[in-house]
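# Need coordinates for the below:
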Amino acid sequence: MFGIPGKQAVTMTPAASAQIAKLMKQDGSKGLRIGVKKGGCAGMEYTMEYVSEIDPMDEVVEQDGARVMIAPMAQMFLFGTEIDYEVSLLESGFKFRNPNVVDACGCGESIKFDESLSAGK
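Modelled structure (predicted):
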């Protein structure tokens with residue numbers, strides 16, 4: 001486990017936890033696994049996928065009926081992140097407020113982290 005003992009790796013707003021719980025119920029999944037992968041114009045992208053089994057190496061965060069698993073390789077990049085779910089006239093979706101991001105592309109789909117987070121990998 002990465003982070004500070006007793007502190008969750010990520011938090012969810014009430015809107016995010018309600019949407020994740022709704023998706024879990026519709027899909028019959030155990031929750032959503034959040035990760036990061038190389039890609040996009042800024043270097044990294046968030047990933048989200050339904051999971052039917054919880055990996056014992058995942059960091060599990062549960063809140064108000066919602067369950068999010070954080071892939072082991074993503075834990076250091078996501079620590080301290082708040083997950084929100086926003087609805088507007090033009091779009092709706094999950095938003096990540098991540099204090100580890102140092103830059104993002106104009107479309108908001110791609111992010112860049114402080115180089116020190118991936119040092120030694």
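# can you tell me how far A18 sits from M24?
11 Å (C-beta to C-beta, to the nearest Å). Every residue, glycine included, has its C-beta placed from N, CA and C.
# can you list residues touching both of the two?
With contacts taken as C-beta atoms under 8 Å, 6 or more residues apart in numbering, the residues that reach both A18 and M24 are A66.
# pLDDT weak spots in this protein?
1-7, 40-42, 103-121 (pLDDT under 70).
# can you give me the helices for it?
Here the chain has its helices, by DSSP state H, at 14-27, 75-78.
# Count the residues that sit near the residue lying closest to F96 once chain neighbours are set aside.
Nearest residue to F96, sequence neighbours excluded (C-beta to C-beta, 6 or more residues apart in numbering): T81, at 5.5 Å. T81 has 20 neighbouring residues, counting by other C-beta atoms under 10 Å.
# do the one 5 residues further on as well
Around E86 sit 13 other residues, with neighbours defined as other C-beta under 10 Å.
# residue at max distance from the center of this structure?
Most distant residue from the mean C-alpha position of the chain: L89, 23.8 Å away (C-alpha atoms, centre = their mean).
# For M44, see how far away that one is.
29 Å.
# Kindly report the same for E62.
From E62 to M44 the distance is 26 Å (C-beta to C-beta).
# cool, Y50 as well?
The value you get for Y50 to M44, if C-beta to C-beta is used, is 21 Å.
# Comparing these two, which residue is more hemmed in?
M44 (19 against 14).
# picking that back up, between A18 and M24, who's got more neighbours?
M24 (19 against 15).
# Name the nearest residue to that one, ignoring sequence neighbours.
G31 (5.9 Å).
# would you list every one of the strands in the chain?
With strands called from DSSP state E, the chain shows them at 10-12, 31-38, 44-51, 59-63, 66-70, 81-87, 92-97, 101-104, 111-113.
# most tightly surrounded among these?
Greatest average neighbour count among those goes to strand 66-70 (a mean of 24), per mean count of other C-beta atoms under 10 Å.
# Direction included, what does that one pair against?
strand 31-38 (parallel), strand 59-63 (antiparallel) (DSSP bridges).
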